[in-house]
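Visitor: Next one to model:
(one chain, ligands or ions: 1)
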Amino acid sequence: MKKFSQKLIIFALMLGLTCSLISCGALPKKSASSSSASESTESTALPVPYSEPQAPRAVLDTPVSGASGAANQSQSGSNTSGNSGSRRSNSQPRKIKVCIDPGHYHGASELTGEDLYDYEEAYATLQIGQELARILKEDYGIECYLTRTGDSISINGYTDDQIDQQNIALRGKYAADADLFVSLHTNANGENANGQPQMSQPIAINKPIIIANTNACGSPEVINMCNAIGTNIAKVYNEVGLATVDYFNEADPNNIVNWSESLNDGLNIAGTVCKRVDSSGDFYGVLRGAADVGVPGIIIEHGFHTVPEFRYSAMYGNLLKMLAEADAEGIAEYAGF
Ligand SMILES: [Zn+2]
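Guide: Next comes the predicted model:
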């Protein structure tokens with residue numbers, strides 16, 4: 001870990017990165033002022049150059065949702081899980097096209113070492129993404145396409161780190177042709193969160209967190225889709241013993257809470273749908289990119305790869321397949337199935 005930490009510090013210094021929480025890769029949590037710039041989504045620094053550093057912010061032509069307002073980091077509301085039936089629509093399925101974004105790219109987030117089980121977020125997100133696409137197409141006839149189908153990602157002549165470190169909004173803009181942008185990730189927490197080493201977090205931290213962009217926050221249907229996905233994922237964790245809370249805190253479409261470190265890193269609390277914006281709009285580049293092309297976009301932080309049991313289940317069990325099914329059912333429900 002020491003060696004990893006040194007590498008990370010050097011990496012962060014080189015790139016002038018600051019870190020934010022949740023980041024898809026993230027940066028050192030304590031690095032001060034990060035917020036405005038980081039592109040990450042999982043919290044914190046991983047022991048590898050795992051970041052989605054700072055792309056220059058694109059100028060947003062999409063106004064920030066009026067719903068943003070003051071920070072409200074509490075998990076409001078009650079447990080409304082288990083009511084997925086009430087969300088079902090009576091109408092015929094709608095034709096929608098989904099842009100699926102498996103986060104990162106091979107080599108950007110590999111974890112090797114004792115008890116790390118060779119977990120790689122980029123591998124996990126690709127497995128989930130491909131299975132998600134297969135289910136949507138084969139089981140529901142829902143049209144979808146992926147931002148990457150292999151280890152590498154190339155968009156508009158940019159590849160891998162050129163995208164994630166300088167032009168990450170391209171991932172979201174790739175959804176210009178779609179009705180929905182879904183970026184797939186697994187989450188991380190800060191070093192020493194809950195008094196534990198970063199990669200040795202207890203199962204109690206594990207939960208799905210879904211971050212919605214400004215366009216998504218403006219659509220109750222999309223937020224309800226997020227509620228469905230989160231509830232499905234929470235059920236998976238309950239089923240396989242990767243959770244201490246057996247429900248998802250469904251969001252009120254009219255009152256989406258802000259992302260917070262306490263939500264991300266807290267123990268024994270339910271996951272929920274949240275937003276993260278600053279004065280320029282959506283905080284995360286992938287979501288900003290989708291907003292730039294007018295598409296509702298979400299990041300699904302499925303669960304915490306900082307939990308050893310999560311890594312093991314992902315790499316040696318059926319967890320990734322189950323998560324893909326959870327996502328697919330939520331999206332299909334959104335489409336009216
Ligand atoms: Zn990620």
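Visitor: and the residue of the stretch 51-200 of the chain found nearest the ion, which of the three is it?
Guide: Going by C-beta to the ion, the ion is nearest to His185 of the stretch 51-200 of the chain, at 3.5 Å. No exception for glycine: its C-beta is placed from N, CA and C like everyone else's. Put simply, His185 is strand when judged by DSSP: H, G, I helix; E, B strand; the rest coil.
Visitor: Surely it touches Gly303?
Guide: No. Contact criterion C-beta atoms under 8 Å: His185 and Gly303 do not qualify, at 9.8 Å.
Visitor: list the contacts for the nearest residue to Glu239 once chain neighbours are set aside?
Guide: Spatial nearest neighbour of Glu239, chain neighbours left out: Met322 (7.8 Å); criterion: C-beta to C-beta, 6 or more residues apart in numbering. Going by C-beta atoms under 8 Å, 6 or more residues apart in numbering, Met322 touches Val236, Glu239, Val240.
Visitor: Return the set of buried residues in the one helix or strand Met322 maps to.
Guide: According to DSSP states H and E, Met322 maps onto helix 319-334. Across helix 319-334, burial judged by 16 or more other C-beta atoms under 10 Å covers 319-334.
Visitor: again, but for stretch 146-158
Guide: In stretch 146-158, counting by 16+ other C-beta under 10 Å, buried: Leu146, Thr147, Arg148, Ile153, Ile155, Tyr158.
Visitor: got the CA positions of stretch 260-280 in PDB?
Guide: Once non-C-alpha atoms are left out, stretch 260-280 reads as follows in PDB (Å, rounded to 0.1, in the frame of the first residue of the first chain):
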ATOM      1  CA  SER A 260     -22.000  13.800   0.300                       C
ATOM      2  CA  GLU A 261     -19.100  12.100   1.700                       C
ATOM      3  CA  SER A 262     -21.100  11.000   4.700                       C
ATOM      4  CA  LEU A 263     -23.500   9.300   2.300                       C
ATOM      5  CA  ASN A 264     -20.700   7.700   0.300                       C
ATOM      6  CA  ASP A 265     -18.600   6.500   3.200                       C
ATOM      7  CA  GLY A 266     -21.100   6.000   5.900                       C
ATOM      8  CA  LEU A 267     -21.800   2.600   7.400                       C
ATOM      9  CA  ASN A 268     -25.200   0.900   7.800                       C
ATOM     10  CA  ILE A 269     -27.100   3.500   5.700                       C
ATOM     11  CA  ALA A 270     -29.100   2.900   2.500                       C
ATOM     12  CA  GLY A 271     -28.000   4.000  -0.900                       C
ATOM     13  CA  THR A 272     -30.000   6.600  -2.700                       C
ATOM     14  CA  VAL A 273     -30.200   8.800  -5.800                       C
ATOM     15  CA  CYS A 274     -28.400  12.000  -5.600                       C
ATOM     16  CA  LYS A 275     -27.100  14.900  -7.600                       C
ATOM     17  CA  ARG A 276     -23.800  16.700  -7.700                       C
ATOM     18  CA  VAL A 277     -23.600  20.100  -9.300                       C
ATOM     19  CA  ASP A 278     -21.600  23.300  -8.900                       C
ATOM     20  CA  SER A 279     -22.000  26.700 -10.300                       C
ATOM     21  CA  SER A 280     -21.200  25.500 -13.800                       C
END
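Visitor: So for that stretch, what gets flagged as buried?
Guide: The neighbour-count check on stretch 260-280 (16+ other C-beta under 10 Å) flags 260-261, 263-267, 269-277 as buried.
Visitor: And for stretch 171-191?
Guide: Residues 171-175, 178-191 are the ones in stretch 171-191 that count as buried (16+ other C-beta under 10 Å).
Visitor: Which of those fall in helices?
Guide: Arg171, Gly172, Lys173 (DSSP state H).
Visitor: want to throw the residues you listed into a markdown table with pLDDT?
Guide: As requested, these are exported to a markdown table (pLDDT from 0 to 100):
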| residue | pLDDT |
| --- | --- |
| Arg171 | 98 |
| Gly172 | 98 |
| Lys173 | 98 |
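Visitor: okay, those in CSV with distance to Ala133 next?
Guide: Formatted as CSV, those follow (distance: C-beta to C-beta, whole Å):
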residue, distance to Ala133
Arg171, 16
Gly172, 18
Lys173, 19
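Visitor: which one of these is nearest Val222?
Guide: The shortest approach to Val222 among those belongs to Gly172, at 14.6 Å (C-beta to C-beta).
Visitor: Nice, that's everything, thank you.
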